[in-house]
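**Q** The following comprises the amino acid sequence and a computationally predicted model.
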Amino acid sequence: MERKASDLFVECLEVEGVKYVFGIPGEETLDLNESLANSSVDFIPVRHEQGGAYMADMYGRLTQRAGVCLGTLGPGATNLITAVADAFLDRSPLVALTGQGDLERMHKESHQYIDIVSVMKPVTKWNARLNSSHIIPEVVRKAFKVAQAQKPGPTHIELPEDVMAAQLDAVPLPARTQIRSPEPSAPDLLKAVSIIRSAINPIVLAGNGVARVGAAAALREFARATGIGVAETFMGKGLLDYEDTHWMGTVGLQSRDYTLAGFEEADVVITVGYDLVEHSPEHWNPKKNKKIVCIDTTSAEVDEYFQTEVDLVGDLYHILTRLAEELRDAPHAVQDSRLNDIILGRFMSAKDDDSFPMQPPRALWEIRDAMRREDLLISDVGLHKLWIARMFPAHEPNTVFIANGLAGMGIALPTAIAAKLVHPERNVITVNGDGGFLMNCQELETAVRLRTPIVNVIWENSQYGSIVWKQDKKFGRHFGVDFTNPDFVKLADAFGMPAWRCEKTEDFGRHLRHALTLDLPSLIVLPIDYSIDVAISEELGTETVAA
Ligand SMILES: Cc1ncc(C[n+]2csc(CCOP(=O)(O)OP(=O)(O)O)c2C)c(N)n1
């Protein structure tokens, strides 16, 4: 049956199981938006394309089905870039759609035309201009297949206006979501078994990849069966329950973290789903003397500090289960983590800290106390993120979100909206600095309109805290980092949502618990005191991470 290309395009999205498209339409996407209006796909208007792309990013991260975002040509497309880049470095499946002028005006100076395919190239796994309506089924299938394949990431399709308005008779290609992973060869598996078996002090470093593919249960069983302790990266938080004796802590803030978590004595490091983008192996293998067994979905990155003995590439769940079976008979003795002793000790004692403005440990203690095991905490980027990474104890994977690839400020609010759409039954809390929160605060309107009851906590200090921290350390003073804030309570009120400012220590827990009972989004302003950070740095050594 002959129909408009944009209708076929949207049928292809339906076949891929797309539920939402987050974005802002433009004059060059009129046909596409009209076709979306007639489809089963929900088009969610946002207030900045970056917000829409972050929503698609989190949707993809939580479902492993590519989230979809839309911007028009020129400025609409460039506004998407930061969040698409986040999906690239944080490895979320995402398909970005952008409008474009007619094919016939692309060779010359032309209103709002820039070469977006080239602009998107460095932040996508694959991208293409739809230069003929006949390739729609292939292009859409490829965009989703590439985005969702390990390691996942963003793809981009540019949609020229005249191509989308053409008439044609074609059908979507069937979507195949099941991607078969390769299996490591028997000799490689046995080699890994022999290295681990003869190790004196082996340790696991687990990252985002394990959470991404849903292999935490296999990792937990591997730790139980072998006795080997597991340290996790920021993005791997919750892979082991923090109450599990095999949990060695969250590493990556400071060089001494690795020492205290057991890396100094380790002769063998088993990396599982570890993305080097999070933290360089130089920090845990400075002498290049560790034997490394790399378990991942794709072959290991090249880095002089990451020269692996053996790469086990394939399905993480399967590989971990096979290794656990082989190694079960001779378990290693469970090690202590000095890192956890220090950090959890500080965290636990914080519940009695009545100082106000509040210090981060007490603020985190209140949040943990108000959350259930499966509830979600989403961090923005700044000093608060480092505190969350360092100290917030997680029970389950994919419950504490810390952007540690691109690490762009302003990620928390839009991603929380998408998280709530995916998990309406779970509470979703964001923690933000007062700098990052204003970067995407326009999406409060989207949250109110969608009635996604997320609770946004702003740690207010009227400074770009993490930069102050770094400048003070490096130069003994800070500069260009102070600002004033709007009245956040009034700001929230203007968006039609409840908000509270904490005036004393007890207010925070009370407001938080109340906010979690509401069926609409809310905001809590918590004056924060970052001064104790220096002390914990002294105890734990020099930091090696950027916020
Ligand atoms: C979009 C973006 N711009 C700049 C940075 C660099 N940066 C990292 S943290 C930070 C300051 C964050 O300040 P705030 O949001 O107030 O949080 P705090 O550090 O005070 O907790 C800056 C400027 C970044 N990561 N992302």
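**A** Cool, the structure landed.
**Q** SS state for the residue in the stretch 51-200 of the chain positioned nearest to the ligand?
**A** Residue of the stretch 51-200 of the chain nearest the ligand, by C-beta to the nearest ligand atom: T82 (6.6 Å). Every C-beta, even on glycine, is put in place using the N, C-alpha and C of the backbone. Assigned by DSSP: H, G, I helix; E, B strand; the rest coil, the conformation of T82 is helix.
**Q** That one touches H48, doesn't it?
**A** No - if you go by C-beta atoms under 8 Å, T82 and H48 don't touch, sitting 10.2 Å apart.
**Q** can stretch 415-422 be found next to the ligand?
**A** No - Stretch 415-422 stays clear of the ligand (C-beta under 6 Å from any ligand atom), getting no nearer than 13.9 Å.
**Q** got the buried residues for that stretch?
**A** For stretch 415-422, the neighbour count (16 or more other C-beta atoms under 10 Å) marks T415, A416, I417, A418, A419, K420, L421, V422 as buried.
**Q** what's that stretch in contact with?
**A** Contact with stretch 415-422 is made by 20, 22, 54-59, 62-63, 67, 376, 378, 401, 426, 428-430, 443, 446-447, 450, 452-454, 456, as judged by C-beta atoms under 8 Å, 6 or more residues apart in numbering.
**Q** Separate out the buried members of these.
**A** With burial judged by 16+ other C-beta under 10 Å, the buried subset of the contacts of stretch 415-422 is 20, 22, 54-59, 62-63, 67, 376, 378, 401, 428-430, 443, 446-447, 450, 452-454, 456.
**Q** contacting residues around R61?
**A** By C-beta under 8 Å, 6+ apart, the contact set of R61 is G67, D90, S92, P93, R212, N398, F401.
**Q** give me the number of residues near the residue in the chain positioned nearest to the ligand?
**A** When scored by C-beta to the nearest ligand atom, the chain has G433 as its residue closest to the ligand, at 1.9 Å. Using other C-beta atoms under 10 Å, G433 has 28 other residues around it.
**Q** again, but for P498
**A** Neighbourhood size, P498 [other C-beta under 10 Å]: 16.
**Q** If we ignore the residues flanking it in sequence, what's nearest it?
**A** Nearest-residue entry for P498: S522, 4.8 Å, with adjacent residues in sequence omitted and distances by C-beta to C-beta, 6 or more residues apart in numbering.
**Q** can you check G436 too?
**A** Distances taken as C-beta to C-beta, 6+ apart put M409 closest to G436, at 3.5 Å, once the chain neighbours are dropped.
**Q** ok, now Y20?
**A** Excluding its sequence neighbours, the residue lying closest to Y20 (C-beta to C-beta, 6+ apart) is D42, at 5.0 Å.
**Q** For this protein, what lies in contact range of the ligand?
**A** Residues of the chain lying close to the ligand (C-beta under 6 Å from any ligand atom) are 381-384, 407-409, 433-436, 459, 461, 463-467, 547.
**Q** Try it again at 8 Å.
**A** Contact residues (C-beta under 8 Å from any ligand atom) of the chain with the ligand: 82, 380-385, 387, 407-410, 432-437, 439, 459, 461, 463-469, 481, 528, 530, 546-547.
**Q** Would you list the buried entries among these?
**A** Neighbour counting over the residues of the chain next to the ligand (16+ other C-beta under 10 Å) leaves 82, 380-385, 387, 407-410, 432-437, 439, 459, 461, 463-469, 481, 528, 530, 547 as the buried ones.
**Q** In helices, which of those residues appear?
**A** In helices, defined here by DSSP state H, the members of those are 82, 383-385, 387, 434-437, 465-469.
**Q** which stretches of the stretch 301-450 of the chain form helices?
**A** Applying DSSP state H, counting those that start in this stretch to the stretch 301-450 of the chain gives helices spanning 316-327, 338-349, 360-370, 383-391, 412-422, 434-437, 443-450.
**Q** Contacts made by the shortest one with the rest, please.
**A** Here helix 434-437 makes contact (C-beta under 8 Å, 6+ apart) with 380-382, 409-413, 456, 458-465, 483, 485, 488.
**Q** What is the neighbour count of the spatially closest residue to E2 that is not a sequence neighbour?
**A** Leaving aside its sequence neighbours, E2 sits nearest to D169 (C-beta to C-beta, 6+ apart; 4.7 Å). By the measure other C-beta under 10 Å, the count of residues near D169 is 9.
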